[in-house]
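Peer 1: fold the following, please.
(one chain, ligands or ions: 2)
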Amino acid sequence: MTRRDVAAIILAAGKGTRMKSDLPKGLHPIMGLSIVECIVRSVRKAGIDRIVVVIGHQAELMEYQLAHLGVTFAHQSPQLGTGHAAMQARDALAGHNGPVMVLPGDTPLITEAEIGALVDAYLESAAAAAMLTFEAKDPSGYGRIIRDPNGHVAGIVEERDASSEQRKIQEVNPAMYIFTGTELWETLPKLSNSNAQGEYYLTDAIGAIAGSGKRVTAVSVDPDSVAGVNDRWQLAQLSSVLRMRLLKTHALAGVTIADPETTWIGPDVELSPDVCIEPSTILMGRTSIGAGSTIGPNTRVVDTRIGMNCIILMSHLNSAVVEDDVRCGPFANLRPGTILRKGVRIGNFVEVKNAELGEQVSASHLTYLGDSTIGARSNIGAGTITCNYDGFDKNRTEIGEGAFIGSNSTLIAPVHIGNGAFVAAGSTINRDVPADAMAIGRSQQEVKEEWAKRWRQRKAERSS
Ligand code: UD1
Ligand code: CA
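Peer 2: Ligands and ions are numbered 1, 2, ... in the order given. Model (predicted):
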């Protein structure tokens with residue numbers, strides 16, 4: 001028997017009352033992923049593919065938001081306790097003859113290491129069930145582990161049902177178990193709900209199995225990895241543990257993290273060695289960054305691919321592609337659909353959206369480039385605006401290679417400016433400009449000799 005023969009049930013039907021939220025607890029994000037997705041990913045990494053998620057409270061929303069995970073859903077309504085919840089997964093696991101793992105749906109920091117340790121302990125000990133435990137400095141809120149005189153697990157007592165002596169026990173239950181399938185399905189229907197909460201406790205299945213003389217193996221683990229989220233303060237604290245864990249992985253892989261306190265790097269971000277992340281920088285979604293690039297300070301990058309040796313300074317990038325040797329910022333805003341080819345220069349207060357800028361294009365100051373294609377080596381002067389929107393449609397601006405767009409030009413799309421063309425500063429361009437032509441669209445300058453001097457004299461006479 002191997003890990004592949006194990007199925008997992010994740011219990012996520014509860015309301016999560018203490019979150020004080022309309023969103024079900026399992027959907028609250030932690031470093032950009034829902035709590036349930038964090039757990040599902042770790043279960044998969046541990047080699048377990050068959051996963052049933054038990055849902056109940058806001059089931060429709062849960063199913064919709066978690067559809068991409070490829071898990072099976074089982075419904076629990078009403079929610080009568082963790083034992084009752086596990087029972088609801090039985091039909092979904094029809095035909096599965098291997099061991100069944102049961103995990104809570106509110107422990108986002110669990111890794112494949114703890115899940116692997118649980119499976120391995122079960123497989124090696126040939127016990128009827130195995131479970132994780134941990135030593136809590138403050139055990140309050142957790143089920144306490146009761147051991148028999150030989151040190152074997154005899155049962156779990158919930159805090160509300162515990163005697164004052166039992167409440168002193170510091171070995172507690174993170175609610176992560178694995179059972180022989182037949183053992184679980186035979187035990188669950190026999191649970192009683194005569195306890196302080198009037199619920200069918202999954203914890204009682206452990207007591208029942210041990211009470212029938214069978215072995216329950218326990219493995220002690222790091223409390224940080226199995227901590228649960230009950231309220232938003234715990235969520236915030238676990239988020240910071242997860243954040244540091246991710247930062248450490250990148251740092252040890254050769255990424256400079258100048259200030260861990262203010263840096264966020266999401267779980268799906270890929271960084272090459274010798275990337276340097278300056279303070280107050282947030283990298284999220286499917287972002288990747290090539291070797292030698294420096295990002296930040298004060299930068300936010302989401303779902304963006306950045307090449308090698310780029311400098312991205314105090315800017316926002318969302319769903320963009322940035323090739324090697326690009327310099328961007330300070331204060332640039334790259335919006336979805338931006339493609340910057342090799343060597344592009346984007347300066348301060350430049351906004352780019354749905355636009356491709358060819359190699360070595362330079363747009364250094366105060367510019368909006370939307371729905372545009374700009375050929376290699378063109379220079380976009382300060383204050384250039386593409387007027388892409390006419391109130392109904394978005395229209396394209398096309399600029400050839402090696403063009404020069406003078407400062408403060410207004411390009412009214414759709415418009416095409418040919419290779420090597422020159423647009424005079426201050427022009428409003430609403431007709432195509434052929435290659436190598438010069439276009440000027442502004443009123444003629446007049447110069448009136450001595451005018452200013454006469455004006456000042458008139459003013460001075462009147463006030464004297
Ligand atoms: C449970 C354990 C406790 C353990 C603690 C660890 C029981 C009886 N107690 O208590 O020993 O120390 O977890 O955090 O199991 N759920 C359902 N349906 C239900 C009830 C709960 O799906 O009817 C789900 C919840 O959505 C949640 C998980 O089960 O994801 C745990 O439920 P929760 O109410 O948080 O259990 P605890 O009181 O923390
Ligand atoms: Ca809990």
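Peer 1: closest residue of the stretch 51-200 of the chain to ligand 1?
Peer 2: Scanning the stretch 51-200 of the chain for proximity to ligand 1 using CB to the nearest ligand atom identifies G143 as nearest, at 2.3 Å. In this view, the C-beta of every residue, glycine as well, is placed from N, C-alpha and C.
Peer 1: no no, the stretch 251-400 of the chain
Peer 2: In the stretch 251-400 of the chain, the residue that lies nearest ligand 1 is P267 (20.4 Å; CB to the nearest ligand atom).
Peer 1: distance check, the residue nearest to I429 when sequence neighbours are not counted against G151.
Peer 2: Distance criterion CB to CB, 6 or more residues apart in numbering; nearest residue to I429, sequence neighbours excluded, is L411 at 5.1 Å. Note on L411: its distance to G151, by CB to CB, to the nearest Å, is 79 Å.
Peer 1: with G143 instead?
Peer 2: Using CB to CB, one gets 18 Å for the distance from G143 to G151.
Peer 1: just the C-alpha atoms of the longest helix seen in the chain, please, in PDB.
Peer 2: The helix spanning the most residues in the chain, taking DSSP state H as the definition, is helix 232-252. The C-alpha trace of helix 232-252 is given here as PDB (Å, rounded to 0.1, in the frame of the first residue of the first chain):
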ATOM      1  CA  ARG A 232      -9.500  37.000  11.600                       C
ATOM      2  CA  TRP A 233      -6.800  37.700  14.000                       C
ATOM      3  CA  GLN A 234      -5.600  34.100  13.800                       C
ATOM      4  CA  LEU A 235      -5.900  34.400  10.000                       C
ATOM      5  CA  ALA A 236      -3.700  37.500  10.100                       C
ATOM      6  CA  GLN A 237      -1.100  35.800  12.300                       C
ATOM      7  CA  LEU A 238      -1.000  32.600  10.100                       C
ATOM      8  CA  SER A 239      -0.700  34.800   7.100                       C
ATOM      9  CA  SER A 240       2.400  36.300   8.500                       C
ATOM     10  CA  VAL A 241       3.800  32.900   9.300                       C
ATOM     11  CA  LEU A 242       3.100  31.800   5.700                       C
ATOM     12  CA  ARG A 243       4.600  35.000   4.300                       C
ATOM     13  CA  MET A 244       7.800  34.400   6.200                       C
ATOM     14  CA  ARG A 245       7.900  30.800   5.100                       C
ATOM     15  CA  LEU A 246       7.700  31.800   1.500                       C
ATOM     16  CA  LEU A 247      10.200  34.600   1.800                       C
ATOM     17  CA  LYS A 248      12.700  32.200   3.500                       C
ATOM     18  CA  THR A 249      12.400  29.700   0.600                       C
ATOM     19  CA  HIS A 250      13.200  32.400  -1.900                       C
ATOM     20  CA  ALA A 251      16.000  33.800   0.100                       C
ATOM     21  CA  LEU A 252      17.700  30.400   0.500                       C
END
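Peer 1: anything in it near ligand 1?
Peer 2: No: counting by CB under 6 Å from any ligand atom, ligand 1 has no neighbours in helix 232-252; the shortest distance is 10.4 Å.
Peer 1: can I assume the residue of the stretch 251-400 of the chain closest to ligand 1 is in contact with I30?
Peer 2: No: assessed by CB atoms under 8 Å, P267 is found out of contact with I30, at 9.3 Å.
Peer 1: neighbour count winner among those two?
Peer 2: I30 (21 against 18; other CB atoms under 10 Å).
Peer 1: is it true that that one touches V241?
Peer 2: No: with contact defined as CB under 8 Å, I30 does not reach V241; the gap is 9.7 Å.
Peer 1: and T263, what is it in contact with?
Peer 2: Neighbouring residues of T263 by CB atoms under 8 Å, 6 or more residues apart in numbering: L247, I257, I277, P279, S280, T281, I282.
Peer 1: take these and keep only those in strands.
Peer 2: The strands, defined by DSSP state E, take in I257, I277, T281, I282 from those.
Peer 1: top of the residues you listed by number of neighbours, please.
Peer 2: I277 (30 neighbours).
Peer 1: lowest-pLDDT helix or strand in this protein?
Peer 2: The helix or strand of the chain with the poorest confidence is helix 223-226; it has a mean of 94 (mean pLDDT, DSSP states H and E).
Peer 1: shared neighbours, P267 and I30?
Peer 2: Jointly contacting P267 and I30 under the rule CB under 8 Å, 6+ apart are C38.
Peer 1: is it true that R232 touches M19?
Peer 2: Yes: the pair R232 / M19 is scored as a contact, 6.1 Å apart, by CB under 8 Å.
Peer 1: show me where pLDDT drops low in the stretch 351-464 of the chain?
Peer 2: Applying pLDDT under 70 to the stretch 351-464 of the chain flags no residue at all.
Peer 1: what's the answer for the chain, then?
Peer 2: Judged against pLDDT under 70, the chain has no low-scoring part.
Peer 1: around ligand 1, pick out the residues from it.
Peer 2: So the chain meets ligand 1 at 11-14, 54, 76, 79-82, 84-85, 104-106, 142-143, 156, 158, 172-175, 201-203, 228 (CB under 6 Å from any ligand atom).
Peer 1: hang on, the earlier thing: what helices or strands is the longest helix of the chain leaning on?
Peer 2: Judged by 3 or more CB pairs under 8 Å, 6 or more residues apart in numbering; DSSP states H and E, helix 232-252 is in contact with strand 29-30, strand 256-257, strand 264-265.
Peer 1: so can I have JSON lines of these showing distance to S319?
Peer 2: Formatted as JSON lines, these follow (distance: least, CB to CB, whole Å):
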{"stretch": "strand 29-30", "distance to S319": "19"}
{"stretch": "strand 256-257", "distance to S319": "24"}
{"stretch": "strand 264-265", "distance to S319": "18"}
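Peer 1: P223: which of the ones you listed is closest?
Peer 2: When the helices and strands packed on helix 232-252 are compared by CB to CB, strand 29-30 sits nearest P223, at 17.1 Å.
Peer 1: what pairs with the closest one, and is each one parallel or antiparallel?
Peer 2: Strand 29-30 has the following strand partners under DSSP bridges: strand 33-34 (antiparallel).
Peer 1: picking up where we left off before, what does the longest helix of the chain rub up against?
Peer 2: The contact list for helix 232-252, computed with CB under 8 Å, 6+ apart, reads 19-21, 28, 30-31, 38, 108-109, 224, 227-229, 257, 260, 263-267, 271.
Peer 1: other SSEs contacting the strand or helix carrying I9?
Peer 2: Per DSSP states H and E, I9 falls inside strand 7-12. When contacts are defined as 3+ CB pairs under 8 Å, 6+ apart, strand 7-12 packs onto helix 35-45, strand 50-55, helix 82-87, strand 100-104.
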